[in-house]
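A.B. asks: what follows is a predicted protein model with its sequence.
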Amino acid sequence: MRRYGYLIAFVTIFVKEVTRFTRIWLQTILPPAITMTLYFVIFGHLIGPRIGDMGGFRYIQYIAPGLIMMSVITSAYANVVSSFFGAKFQKHIEEMLVAPIPNWVILSGYVCGGVARGVIVGIVVTVVALFFTDLHMHSFWITAAVVLLTSILFSLGGLINGIFARSFDDISIIPTFVLTPLTYLGGVFYSIDLLPGFWQRVSLANPILYMVNAFRYGILGVSDIDVATALFVLAVFSAALFAVCLALLNRGVGIRT
Amino acid sequence: MHALEIRQLTKTYKNGVVALKGIDLTVDEGDFFALLGPNGAGKSTTIGIISSLVNKTGGSVRVYGVDMDTHLEEAKSFIGLVPQEINFSQFETVLDIVVNQAGFYGVKRRLALERAEKYLGKLGLWDKRDHRSRTLSGGMKRRLMIARAMLHEPRLLILDEPTAGVDIELRRSLWDFLREMNAGGTTIILTTHYLEEAESLCRNIAIIDKGVIIEHTTMKRLLAQLNVETFILDLRKPLAALPELDCFAVHRVDETTLSVDISKERSVNELFAQLSARGIEVASMRNKANRLEELFVRLLAENGPSAAAAKAAAGATRP
C-alpha cells in the first residue's frame, strides 16, 4: 500500500476514535467537567481562602493548571485503554490486523485519538476553571507542548495497558492503583517546597510532577522544577513508550495467537 | 498462477496443542476451493495464519506469488476475510463498518461509498446502512461481514463457515452471490460443515484432519471414489415382504419405504426393471445422504493422520 494509502488508513482510525468518544460524550467529556467543578468549588472556594497564597498566587489559581492537567492525563489514558481493549474484546481489532497497515499507523491512529480527547477535555476543563478564577497564558507554546506530550505519553501508557489487559478489571487496575496516586502526589494541590527534603527528593521520581509543573509554568509562569528538563523528560519517555508499543504490536502480544 | 501456496505450514500453540503438522496446499487463481474438516481439524488455524491473525510456527505462505514473510502488506492487500465469528463493532452503523474497512485498505472514501452501495445492495443491506450493527439479525450480520470483505475488491476471498446458522433461503442467495464473485474472477476458499454447500459450489477440495491434509483433489475425482450410493425409494403401495433383487442390497425402512445400495457397476435402470418385474411401483426416489458427506465420513474414518502422512510421503495426495 502506498504512503497515501497509509494516510487514508491513519485518518480512518483517527476519525473512528474521535467519533467513538464524541458519540458517548456523556461518559467521556462531561464527567471531567463535573468533577473539576466540584474540585474548584470545594478546594478553590471553600477551603482555598483559608490556605492563602501559594507560589505567589491565590490557591484556586495555583491548583487550576494541575486540575486541568489531571483531566488531560486521565482522559488520554482512558480513551486508548478502553477503545483498544474494547476492540480486542469485541474482536473488531481484527478489521485492522487483516488489513495491509503497518503497526506504526495503527499505533499513531490510536494515540492521536487519545490526544484529541485529552486536548478537548483540557479545553472544556479550562473553560470551567475560567468561571471560578482568572487564568493568563504565560507561554502558549510551552502550554501546548506540555499538553501534547503528556497526552501522547498517557495514550501510549493506555495502549500498553490495553495490550496486556484480559478483562475489564485489568483496564481499571493501573488508573486506580498507579495513575491516581501519582497524580495526587504530583503537585496538583501543593508545591513540593512544602514537603520535607526527603519527600521532595522522592517526589522528583514522579513523572507527573514534571508535567503538572511544566504546565503550571505555561499558564502561571511558576514551577517547582526546570521546565526544559520537564519537556526533555516528557519527550524521552514518549519516544521510549512509542518504541515499546510498536515492539509489542509487532510481536502480536495480546492480539495474535 | 497459484492464488495461494502453502508449504510445510506448522502451528503449535503456547499450550502445546499442535494444530498444524506441516501441511502443503495450493489453490489456483480463479478456483472455488473447499477446505473441509471436522471441528478442531486445523481449518481456522490455517485461515488465521493466511490472514495474519495467527502467528505460524514454521513453513511458508505465498499469496499470488508474494511471500507473507517478506512482503506481508502486499500479500494482505490481496485477501478478503469473512471470519467464523462476528467481529465488528456492535455500536457502529452498517455503512461505517464497511467504509472504515475500506479505509484500512487505503481505499478513498468516495470510492468506498460507491462500493458500499454496490455490495450492501447486492447483499440486501443497503436499506439498513444507517442501522447500528447490533440491531441486525444473525443472517444480516453474516451478510455484512461478506460485504465488508468485498469493499477493497480482494483477489482472494476466504470464507470461514459463512453460512453457519443461516436459513436455507438466505444460504442459497449467498451461494448465488459467491458464484457471481467467482465468475467475476475472485478466487474463493470456503470452509463449511454443510457438505452439500461445498459439493454445489466448489471445484477443488482439501480435507484436513488433526492438522494433516488427508485429501487434496478435484471435487469430480473425489466423488468418483464413491463406489456405492444408497437411495431411498418411496413406494406407492405397502409391501408385505422384503423383495429379493439380483445384485442390489435392499433394506426395509418401513412398509412403504425401501433403502437400496447401488454400486458403480450397476445402473438405476436395472434396479427399476427388477422392481417393475415384481410389480413394485416407486413414487419417488432420493439420496440417503449427500454424496460428499458419505465420502467425508469414510475418509476421516479410513485416513487417520498416520495413514495420511504415509500417503503424503508417497506423493499420493495430489490429483
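C.D. replies: Looks like it arrived, so ask away.
A.B. asks: when you work out contacts or count neighbours from here on, use the C-alpha atoms and nothing else.
C.D. replies: OK.
A.B. asks: tell me, how many residues neighbour residue 85?
C.D. replies: Assuming you mean chain A. For residue A:85, the count of nearby residues is 26 (other CA atoms under 10 Å in any protein chain shown).
A.B. asks: correction: the question concerned chain B.
C.D. replies: 13.
A.B. asks: swap in residue A:140?
C.D. replies: 12.
A.B. asks: just the local confidence number for it, please.
C.D. replies: We note a pLDDT of 93 for residue A:140 in this prediction.
A.B. asks: how about the nearest residue to it, chain neighbours excluded?
C.D. replies: Spatially, and ignoring its direct neighbours in sequence, residue A:140 is nearest to residue A:218 (6.5 Å; CA to CA, 6 or more residues apart in numbering or on different chains).
A.B. asks: which SSE is that neighbour in?
C.D. replies: Residue A:218 is part of helix A:207-220, with elements assigned from DSSP states H and E.
A.B. asks: doesn't residue A:145 make contact with the residue nearest to residue A:140?
C.D. replies: No. Applying CA atoms under 8 Å as the test, residue A:218 and residue A:145 come out as separate, 9.3 Å apart.
A.B. asks: more neighbours: which of the two?
C.D. replies: Neighbour count, other CA under 10 Å: between residue A:218 and residue A:145, residue A:218 has more, with 25 against 17.
A.B. asks: look up how far chain B lies from that one.
C.D. replies: For residue A:218, the distance to chain B (CA to the nearest CA, to the nearest Å) stands at 38 Å.
A.B. asks: for that residue, which residues are in contact?
C.D. replies: With contact taken as CA atoms under 8 Å, 6 or more residues apart in numbering or on different chains, residue A:218 is in contact with A:137-143.
A.B. asks: and residue A:95, by the same measure?
C.D. replies: B:87-88, B:101, B:104.
A.B. asks: make it 7 Å
C.D. replies: When contacts are counted by CA atoms under 7 Å, 6 or more residues apart in numbering or on different chains, residue A:95 is found next to residue B:101.
A.B. asks: in the helix holding residue A:218, what's buried?
C.D. replies: A:207-220 (16 or more other CA atoms under 10 Å in any protein chain shown).
A.B. asks: next: stretch A:157-171.
C.D. replies: Buried residues in stretch A:157-171, defined by neighbour count with 16+ other CA under 10 Å: A:157-163, A:165, A:171.
A.B. asks: right, and residue A:257 touches residue B:52 too?
C.D. replies: No. Using CA atoms under 7 Å, residue A:257 makes no contact with residue B:52, being 9.8 Å away.
A.B. asks: compare these two (neighbour count), which wins?
C.D. replies: Legend: neighbour count by other CA under 10 Å for residue A:257 and residue B:52, higher for residue B:52 (21 against 15).
A.B. asks: tell me which element the residue of chain A found nearest chain B is part of?
C.D. replies: Closest to chain B within chain A is residue A:5: 3.9 Å, counting by CA to the nearest CA. If you go by DSSP H and E, residue A:5 is part of helix A:3-23.
A.B. asks: ok, residue A:33 touching residue A:126?
C.D. replies: No. When contacts are counted by CA under 7 Å, residue A:33 is not listed as touching residue A:126 (9.1 Å).
A.B. asks: is any part of the helix or strand hosting residue A:232 close to chain B?
C.D. replies: Following DSSP H and E, one finds residue A:232 within helix A:227-251. No. Helix A:227-251 lies out of reach of chain B by CA under 7 Å from any CA of the partner chain, never closer than 9.1 Å.
A.B. asks: got the CA positions of the helix holding residue A:218 in PDB?
C.D. replies: What follows is helix A:207-220, C-alpha atoms only, in PDB (Å, rounded to 0.1, in the frame of the first residue of the first chain):
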ATOM      1  CA  PRO A 207       6.900  11.800  36.300                       C
ATOM      2  CA  ILE A 208       3.500  13.500  36.700                       C
ATOM      3  CA  LEU A 209       5.200  16.200  38.900                       C
ATOM      4  CA  TYR A 210       7.200  17.300  35.800                       C
ATOM      5  CA  MET A 211       4.000  17.500  33.700                       C
ATOM      6  CA  VAL A 212       2.000  19.400  36.200                       C
ATOM      7  CA  ASN A 213       4.800  21.900  36.900                       C
ATOM      8  CA  ALA A 214       5.700  22.500  33.300                       C
ATOM      9  CA  PHE A 215       2.000  23.100  32.500                       C
ATOM     10  CA  ARG A 216       1.700  25.400  35.600                       C
ATOM     11  CA  TYR A 217       4.700  27.300  34.200                       C
ATOM     12  CA  GLY A 218       3.000  27.600  30.800                       C
ATOM     13  CA  ILE A 219      -0.100  29.200  32.500                       C
ATOM     14  CA  LEU A 220       1.200  31.000  35.600                       C
END
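A.B. asks: what's the angle from that helix to helix A:227-251?
C.D. replies: Put simply, helix A:207-220 runs at 130 degrees to helix A:227-251, going by axes from the mean of the first three to the mean of the last three CA atoms, to 10 degrees.
A.B. asks: just want the angle from the helix ranked longest in chain A to helix A:207-220.
C.D. replies: Across chain A, the helix with the greatest residue count (assigned by DSSP state H) is helix A:59-89. Angle of helix A:59-89 versus helix A:207-220, following the same axes, to 10 degrees, is 130 degrees.
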